[in-house]
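Chemist: I'll drop the sequence and a predicted model, then ask my questions.
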Amino acid sequence: MLHRKGIIRSRTFIKKMDNSLTTRSRNKFWFVFFFLFVSWYLLLYGIDWSSLPGFVTTSRYEANSIESARQTFIPPPPHREDDNVSFDSNSSSTIDDATNIDDTKDEPRSKEDESSSNDNDNVVVPDLEELEKELEPLLRKDEPQKEEVKKVEKIEREGDTKEEKSCTGRYIYVAKIPSKFNEDILKQCKLLNKWYDMCQYLVNMGLGPDLGNPQRAFSNKGWFTTNQFSLEVLFHNRMKQYECLTNDSSEASAVFVPYYSGFDIARYLWDDLNTTKRDAGSVEVTKFLKEKPEWKTMWGRDHFMIAGRITWDFRRGVEEDASWGSKLMWLPETKNMTILTIESSPWHMNDFAIPYPTYFHPSSDNDVVQWQNRMRRLRRRMLFSFAGAPRPQIDESIRGEIMEQCSASRRKCRLLECKDTNNKCNKAVPVMRLFQSSVFCLQPSGDSFTRRSTFDSILAGCIPVFFTPASAYVQYIWHLPKNYTSYSVLIPEDDVKEKKVSIENVLSKIPRQQVAAMREEVIKLIPNVVYADPRSRLETVEDAFDLAVKGVLERVDVMRKEMRQGKNSSMVFDEEYSWKYFTFGTIEKHEWDHFFLRTSKWKN
């Protein structure tokens, strides 16, 4: 037993000795390898071999390699800013491996190039700076990153001046007129309407009180109790946010006059006051403008203002105290200006209609898109509807006949009659719910050609039905399509008056596909007829304000060019045919001529 134990111990000891020797051998091997590596590194990089005799910084092999690369390349011409530099995004070429690039390897070399190459085969490049100069054209072509940096810097410079460039031809100067022509008028808000207090409608920068979303008739934001005659305040507040305002009238393309002419005359319309009192504000403000240096630039042809009522409130053509309205639009100065109204005259050339304010004032593009999508999804159970009251005192009115036809078509027409003291037509919810449930909305003339109801119906995605082209087609030429059949129906009012036509039959015969296309066109028009909240700014959507400003700028630009050429478009056509010229660009005979024959009602 003792012998066996001794043998086992001997074997164990031998194994330990072997392991110890193996470990020592490996450690010695790695130590020797490390020592040799450090020695090689010091020899290679630690000693300045160029200081020793017979050594140069570039070997003959390296020089020949560089010359070979220079033979391969045809240096590009000097870089120009308009050169289109392209490169392969997968390439890994840099300055360090420039000799591996061969852009012209398939191009034959001339004998002169070969001769020059042979002569230089034995040349050694002794200086690194000289080498860089030799390769400079090649390296420039081999640095796409630098070209990209230049492009980015150029884009950044352009971005810095983008706003300035985009305002070229769009600058507007706001005339600095005394506050008595605007802000002070609002301080007398209780006098602005004979039947109700207008003060409540001037809050929220002219939008009126927030409507909320009663009966889920609206979206959760952007809806206000807006008065149809508050456009002057609303437009002025939008103009304060206009992106191309300037304090230098000499660089302005147009001059905006913030005169609240509609509110000014509203204080006196229903009172027994003489014409001098009614005209005082108009006369004074035009006199003030005429004395300013910016007036002489185009003698007022580049000036524009808002008249937030229908044109007939400003077209008193006689000096009789019993006559209606003021003579604002008959003044020599305003005949040169562009006046934006909610209804223009078909027979005069200094006023242009823009949409009535509606209840919807979006604060973002998304507000508009969401409302449009909602109008697309609605189920419309009624074929047509009408919201309004008869006009028995007006012989030409067809409202009575329309209401009779609607009542006779109870299963297809819904009537919202506005005749009692609790007038539902002046409330947003009943009107919008009616139009949202209808395919077609009837829009006959009332006291004048146009109605706010037209824009409420478009806002609800309801196809408007007109009875004269004077209600929309020759009015809102900057906001509605010239192809009126794409979004509306025209039924001649004479046919209704003489009972020659059934409204129900006309609308029922329109094919479903055509109705669907018309409704889609109406929904697309929603941004065109709404005024965005003045406290915000839409990004990509153009609203009624944007289109109105664009229309004014284009009109002023045409007149400016005419003045330079010694022309005057007002001499081209008789003002009586303004509706035809501005709508179609001609005064030739037209199928609508009979609609615009003057009656005793429209003599002024």
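Modeler: Good, I have the coordinates.

Chemist: Can you spell out the domain ranges of this protein, please?
Modeler: In terms of domains, the chain is parsed into 170-355+545-565, 376-526 (source: the TED database).

Chemist: now these as TSV including distance to F584 and mean neighbour count?
Modeler: For the C-beta atoms, the positions are set from N, CA and C on the backbone; glycine is no exception. Listed next are these as TSV, based on distance: least, C-beta to C-beta, whole Å; neighbours: other C-beta atoms under 10 Å:
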stretch	distance to F584	mean neighbour count
domain 170-355+545-565	13	18
domain 376-526	8	18
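
Chemist: Could you say which one of those domains comes nearest to F582?
Modeler: domain 376-526 (6.1 Å; C-beta to C-beta).

Chemist: What separates the first and last residues of the closest one, distance-wise?
Modeler: One end of domain 376-526 to the other measures 12 Å (C-alpha to C-alpha, to the nearest Å).

Chemist: Neighbouring strands - and their directions - for the host helix or strand of F384?
Modeler: Under the criterion of DSSP states H and E, F384 resides in strand 382-388. Counting by DSSP bridges, the strands paired with strand 382-388 are strand 413-417 (parallel), strand 438-443 (parallel).

Chemist: And the contacts of the first one?
Modeler: In other words, strand 413-417. Strand 413-417 has contacts (C-beta atoms under 8 Å, 6 or more residues apart in numbering) with 382-389, 403, 405-407, 424-425, 430-431, 434, 437-438, 504.

Chemist: Relative to the whole chain's centre, how far out is the strand holding F384?
Modeler: Chain-centre distance of strand 382-388: 33 Å, with C-alpha atoms, centre = their mean, to the nearest Å.

Chemist: Give me the contact list for it.
Modeler: For strand 382-388, using C-beta under 8 Å, 6+ apart, the contacting residues are 399, 402-403, 406, 409, 412-418, 425, 430-431, 434-435, 437-442, 444, 446, 451, 453, 462, 465, 503-504, 507-508.

Chemist: cool, and stretch 237-249?
Modeler: Under C-beta under 8 Å, 6+ apart, the answer for stretch 237-249 is 163, 166-167, 170-174, 205-206, 252, 255-256, 258, 293-294, 297, 531-532, 534, 537, 545, 549.

Chemist: cool, and stretch 320-331?
Modeler: Residues outside stretch 320-331 that contact it (C-beta under 8 Å, 6+ apart): 261, 265, 269, 272-275, 278-279, 281-283, 286, 307, 311-317, 334-335, 339, 345, 348, 350-351.

Chemist: repeat for stretch 261-276
Modeler: Outside stretch 261-276, the residues touching it (C-beta under 8 Å, 6+ apart) are 181, 185-186, 188, 191-194, 229, 231-233, 277-278, 281-282, 305-309, 313-314, 316, 319-321, 323-328.

Chemist: Just the terminal-to-terminal distance for that stretch.
Modeler: Length of stretch 261-276, first residue to last, C-alpha to C-alpha: 15 Å.

Chemist: So that it lines up with my notes, have the first residue be 226 from now on.
Modeler: Got it, first residue is 226 now, which makes that one stretch 486-501.

Chemist: what ranges do the strands span in this protein?
Modeler: Assigned by DSSP state E, the chain shows strands spanning 397-399, 479-482, 528-535, 563-568, 576-578, 607-613, 638-642, 663-668, 688-691, 714-715.

Chemist: which stretches of this protein have low pLDDT?
Modeler: The model of the chain has pLDDT under 70 over residues 226-259, 263-390, 645-647, 794-796, 824-829.

Chemist: One more pass at 80, please.
Modeler: The chain contains residues with pLDDT under 80 at 226-390, 497-498, 644-648, 793-798, 824-829.

Chemist: quick one, helices of the stretch 676-825 of the chain?
Modeler: Applying DSSP state H, counting those that start in this stretch to the stretch 676-825 of the chain gives helices spanning 678-684, 718-722, 728-733, 737-749, 769-789, 803-809.

Chemist: Likewise for the stretch 326-475 of the chain?
Modeler: Under DSSP H, counting those that start in this stretch, the stretch 326-475 of the chain gives helices at 336-344, 353-366, 369-385, 387-391, 408-411, 428-431, 456-464.

Chemist: among the strands of the chain, which is nearest I812?
Modeler: Nearest to I812 among these is strand 576-578 (17.8 Å), distances taken as C-beta to C-beta.

Chemist: what lines up beside that closest one in the sheet?
Modeler: strand 563-568 (parallel).

Chemist: Next, the angle from the partner strand to strand 528-535.
Modeler: Going by axes from the mean of the first three to the mean of the last three C-alpha atoms, to 10 degrees, strand 563-568 is angled at 20 degrees with respect to strand 528-535.

Chemist: Residues touching strand 563-568, excluding its own?
Modeler: Defining contact as C-beta under 8 Å, 6+ apart, one finds that strand 563-568 is touched by 453-454, 456, 460, 528-537, 539, 553-554, 575-581, 673-675, 677, 700, 773, 777, 780-781.

Chemist: do you know how far the nearest residue to I735 once chain neighbours are set aside is from T679?
Modeler: Among residues not flanking I735 along the chain, V714 sits closest, at 7.4 Å (C-beta to C-beta, 6 or more residues apart in numbering). Distance of V714 to T679, given as C-beta to C-beta, to the nearest Å: 13 Å.

Chemist: and for the two, which residues touch both?
Modeler: Common neighbours of V714 and T679 (C-beta under 8 Å, 6+ apart) are P689.

Chemist: thinking S622 is in contact with M628, fair?
Modeler: No: with contact defined as C-beta atoms under 8 Å, S622 does not count as touching M628 (10.7 Å).

Chemist: Between those two, which contacts overlap?
Modeler: P615.

Chemist: For the closest residue to V399 other than its chain neighbours, which residues count as its bridge partners?
Modeler: Of all residues not flanking V399 in the chain, F481 sits nearest, at 5.0 Å (C-beta to C-beta, 6+ apart). Listed by DSSP bridges, the beta-bridge partners for F481 are V399, F529.

Chemist: Would you confirm that L705 contacts I751?
Modeler: No: counting by C-beta under 8 Å, L705 stays clear of I751, with 12.0 Å between them.

Chemist: ok, so what distance separates P717 from T563?
Modeler: Distance, P717 to T563, by C-beta to C-beta: 31 Å.

Chemist: Can you tell me, leaving aside adjacent residues, what's nearest to F513?
Modeler: Of all residues not flanking F513 in the chain, I402 sits nearest, at 6.2 Å (C-beta to C-beta, 6+ apart).
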